[in-house]
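Give the three-dimensional model of this entry:
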Amino acid sequence: MLDIKVTENYGGIEVKGDYADFEQLYDSIFEIIGDGEDYPTLEKLRIQILAFCYDLRHAKQGSREIELVENNMDDEIMKWHSIITPINNVYYKFKYILTQAIFVVYALNIFIDNYKYKKYKSSYYTKVVYDEAVNIVQEFQSKVIKAIVQILSEKNRKIFLKLFYDREFGTNRLVHQYLELIDCRYLAKNKEDRLNGLVNTTKRVIRYWEYQEYIDLEQELIEYAEENQCDIDNIIIDGTEYPEEIDW
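Numbering: from 1, shown residues only. This is a model prediction of the structure:
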């Protein structure tokens, strides 16, 4: 079973589970988001989710952190079953920047809705309730939300949850540079400031199209790409230099 918590200094989330947990989540996310041809207008959002899947895949391959947890196996049980078995289970885990995790959880909603309509022709059709991929992805979403809610004050919990209940997407466009800017600003803060500004940061992440800063940045990047005949995704802007060591 997946275990998700916010890291000590609120820099990110820690995702922990066994190999089967990670394998199920990885496969289920890909089932939901499809390939580039399934939802071409959502490709910018899909790429952000794929970035999370990149770390998830490397974690299940053992390239991130590993934790050994006692599984209650002892000599008596092994003797009873006539087997010799490890006394610890292996759990894989990795950390992911909190602001990126918030965007991934929110963006998954639009893919889930599209997946439901594509497969069942309605998001309210009874069979959706029993769709394994949807349930596995939504379990991941709910555990991320629960972990974040636990560090917030009662007042901020209500505001935070309302942002996710609204499930509104004003645009399918996204310039990834804006999210990177928000990431770097958030990571530059100390623990207290991260927590105090988390609700406002969340709103900027998941309702980015409402902010004049995003509108202006998007227009500037479009104009720059046209003038210089380059891909907008390859443009690097000031303020998006990630720290070499993240204060998790």
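
contacts and neighbour counts: CA atoms only from here.
Will do.

Verify the assumption that E14 is located in a helix.
No - under DSSP: H, G, I helix; E, B strand; the rest coil, E14 falls outside any helix and is assigned strand.

May I have the beta-bridge partners of it?
K5, K95 (DSSP bridges).

Tally up the residues packed near it, please.
20 (other CA atoms under 10 Å).

just E244 next, same as before
For E244, using other CA under 10 Å, the count is 6.

Now name the helix or strand holding it.
Using DSSP states H and E, E244 is not contained in any helix or strand.

Show me what the longest helix seen in the chain is packed against.
Once the chain is assigned using DSSP state H, the helix that runs over the most residues is helix 98-120. With contacts taken as 3 or more CA pairs under 8 Å, 6 or more residues apart in numbering; DSSP states H and E, helix 98-120 sits against strand 12-17, helix 19-33, helix 43-60, helix 132-149, helix 176-187, helix 198-206.

nearest to E220, of these?
helix 176-187 (11.5 Å; CA to CA).

I would like the residues contacting the helix or strand bottoming out on mean pLDDT in the chain, please.
One helix or strand of the chain scores below all others by mean pLDDT, DSSP states H and E: helix 75-81, with a mean of 80. Residues outside helix 75-81 that contact it (CA atoms under 8 Å, 6 or more residues apart in numbering) are 84-85.

CA atoms of it as CSV?
Extracted C-alpha coordinates of helix 75-81, given in CSV (Å, rounded to 0.1, in the frame of the first residue of the first chain):
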residue,chain,number,x,y,z
ASP,A,75,12.0,-18.7,13.1
GLU,A,76,8.8,-20.2,14.4
ILE,A,77,6.7,-19.1,11.4
MET,A,78,9.4,-20.3,9.0
LYS,A,79,9.6,-23.6,10.7
TRP,A,80,5.8,-24.0,10.6
HIS,A,81,5.7,-23.4,6.9
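
Just checking the distance from it to the centre of its chain.
Here the centre of helix 75-81 is set off from its chain's centre by 41 Å, with CA atoms, centre = their mean, to the nearest Å.

Make residue 1 into 854 and carry on from there
Shifting the count to begin at 854 puts that one at helix 928-934.

ok, and for it, which residues are buried?
By neighbour count with 16 or more other CA atoms under 10 Å, helix 928-934 contains no buried residues.

Need phi/psi at K1042.
phi -80, psi 160 (degrees, to the nearest 10).

what pLDDT does it get?
Looking at K1042, its pLDDT stands at 97.

Quick check: it vs V987, distance?
Distance, K1042 to V987, by CA to CA, to the nearest Å: 35 Å.

and if you look at I937?
For I937, the distance to V987 - CA to CA - is 38 Å.

if you count what's nearby, which of these two comes out ahead?
Between I937 and V987, counted using other CA under 10 Å, the more crowded position is V987 (19 against 12).

how close does that one sit to Y968?
From V987 over to Y968 (counting by CA to CA), the distance is 9 Å.

now do L898
Distance from L898 to Y968, by CA to CA: 15 Å.

Look up how far E1073 lies from E1080.
11 Å.

How about residues contacting the strand or helix carrying R1047?
Following DSSP H and E, one finds R1047 within helix 1044-1049. Helix 1044-1049 has contacts (CA under 8 Å, 6+ apart) with 862-864, 1004-1005, 1039-1040.
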